[in-house]
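**Q** Need a 3D model of the sequence below.
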Amino acid sequence: MSGAQEQLEIKFRLIDGSDIGPKSFPIATNVATMKENIISQWPKDKQNGPLTVKDIKLISGGRILENNITVGECRGPLYDIPGGVTTMHVVVQPPAKEKEKKMLSDSKQNKCGCVIL
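**A** Numbers count the residues shown, from 1 in each chain. Next up, the predicted model:
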């Protein structure tokens, strides 16, 4: 393979229709590394940005990409178009708020029953 074929040009489409990128990634790059790149380039003016890799879901070709696969493993036949840019969709799932978690756990702990004989 030539050097040009070992790179994949990818842009990331955010939920509001704006894009991050495009940027070239080696085909050996894993999805977790791309997610870290998204976090570092996240627009500062956007609310509810991702804080960790676990907050992001990347979708390509209708599939949610797992963190451990590489760019080369998730590409399809259309990725090999010379000079083409691949678009991956970014979905941010904010973590559940600590307060909500605490309320749920407190409500479970307060349930008790007494029996008087």
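
**Q** how near is I59 to I116?
**A** Going from I59 to I116 by Cβ to Cβ, to the nearest Å gives 57 Å. Glycine gets a C-beta too; all of them are placed from N, C-alpha and C.

**Q** Counting neighbours, go ahead and name the busier of these two.
**A** Neighbour count, other Cβ atoms under 10 Å: between I59 and I116, I59 has more, with 14 against 3.

**Q** so where's this structure shaky on pLDDT?
**A** Applying pLDDT under 70 to the chain picks out residues 1-5, 75-82, 95-113.

**Q** Going by residue numbers, what spans are helices in this protein?
**A** Per DSSP state H, the chain has helices spanning 31-41, 71-74, 98-109. These are given in chain order.

**Q** Now the second one: buried residues?
**A** Just to be clear, that refers to helix 71-74. Within helix 71-74, the residues that count as buried by 16 or more other Cβ atoms under 10 Å are V71, C74.

**Q** And the contacts of that helix?
**A** Applying Cβ atoms under 8 Å, 6 or more residues apart in numbering, the contact partners of helix 71-74 are 8, 10, 25-31, 34, 60-61, 63, 65.

**Q** Buried among those residues? Make that a PyMOL selection.
**A** A single PyMOL command selects the buried members of the contacts of helix 71-74 (16+ other Cβ under 10 Å):
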select buried, resi 8+10+25+27+29+30+31+34+60+65
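
**Q** Dump the contacts of helix 71-74 to JSON lines, plus distance to Q41.
**A** What follows is the contacts of helix 71-74, written out as JSON lines (distance: Cβ to Cβ, whole Å):
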{"residue": "L8", "distance to Q41": "17"}
{"residue": "I10", "distance to Q41": "12"}
{"residue": "F25", "distance to Q41": "13"}
{"residue": "P26", "distance to Q41": "18"}
{"residue": "I27", "distance to Q41": "20"}
{"residue": "A28", "distance to Q41": "20"}
{"residue": "T29", "distance to Q41": "15"}
{"residue": "N30", "distance to Q41": "17"}
{"residue": "V31", "distance to Q41": "16"}
{"residue": "M34", "distance to Q41": "11"}
{"residue": "S60", "distance to Q41": "18"}
{"residue": "G61", "distance to Q41": "22"}
{"residue": "R63", "distance to Q41": "23"}
{"residue": "L65", "distance to Q41": "18"}
